[in-house]
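Colleague: A predicted structure for the sequence below; I have some questions about it.
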Amino acid sequence: RLDLPGLITPKAILRRFNRMLVVYHFNGEHLLTDEPAPLDRDRVIQAGLLMSKVLHALREHGVVLRSLNSRNVLVMADHSVRLFDLDVDAVHHRPVPDRNDTIRLCQLLLPYCAPKIGVVRNILEDGVNGKMDGLKVMGALAELAAQPPVFWPSLASALSKLKLKKEWLFD
C-alpha cells in the first residue's frame, strides 16, 4: 500500500479461500516480457533508474522481496516502466539492507541491453556480480541518463534480393 512513483498500487486486495487476490486497474499496458530485446540505450537506462529508485524506497520502508523478474514490470503507453504485483517476503518496521534486489534488477535488465552499449552493460554486469550495490547502480545510471546518447556507426550491413510473386502482394 505504498504510494511510490514507479510502483503500481493495487485497487483492491482480497483474501478468499486462503489465497490472496490482488486487483489492478488495466489500461492497455503490457509486460516487459512482451518487449523485443534489445531495448535502446535510453530505455534501458530509464527503466533501470526508475526501478532502482523504487527498490531503494521499498527497502527504506522495510520491504523485503522474495523475487523480481520481468513479469513484475509493466510497460506503459509512453514506454516507461512501472513495477507491480511484487512477491513480498517480509515487511519490517525499519529499513532493510540491499540483499539481492540489485542483483535481481541487473539480471532482469541485462538481456534487454544491446552489446554495443558497453557502459550500461558493464554497470549491469557489475551489479549482477555484486561489485555494485543499489545506490551505486542508481548513481551510475543517473549519471548516464544525464549524458547525451552515443551513436555507434554500423560495423556490418547486408542487403538481400527477394523476388516476390505478384499474387503474394495482393492476397
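Modeller: Looks like it arrived, so ask away.
Colleague: any idea how many residues pack against Pro148?
Modeller: If you count neighbours by other C-beta atoms under 10 Å, Pro148 ends up with 6. Backbone N, C-alpha and C define where each C-beta goes, glycine included.
Colleague: pretty sure Gln46 sits against Ala142.
Modeller: No. Using C-beta atoms under 8 Å, Gln46 is not in contact with Ala142, being 10.4 Å away.
Colleague: in terms of neighbours, single out the busier of the two.
Modeller: Gln46 (18 against 14).
Colleague: and the more buried one, which of the three is it?
Modeller: helix (DSSP: H, G, I helix; E, B strand; the rest coil).
Colleague: how close does it sit to Asp89?
Modeller: 27 Å (C-beta to C-beta, to the nearest Å).
Colleague: Ser52 is in what secondary structure piece?
Modeller: Using DSSP states H and E, Ser52 sits within helix 41-60.
Colleague: ok, residues contacting the very next helix or strand once past that helix?
Modeller: Using DSSP H and E, the helix or strand that directly follows helix 41-60 along the chain is strand 63-67. Here strand 63-67 makes contact (C-beta atoms under 8 Å, 6 or more residues apart in numbering) with 2, 55, 58, 86-92, 96, 99-101, 104.
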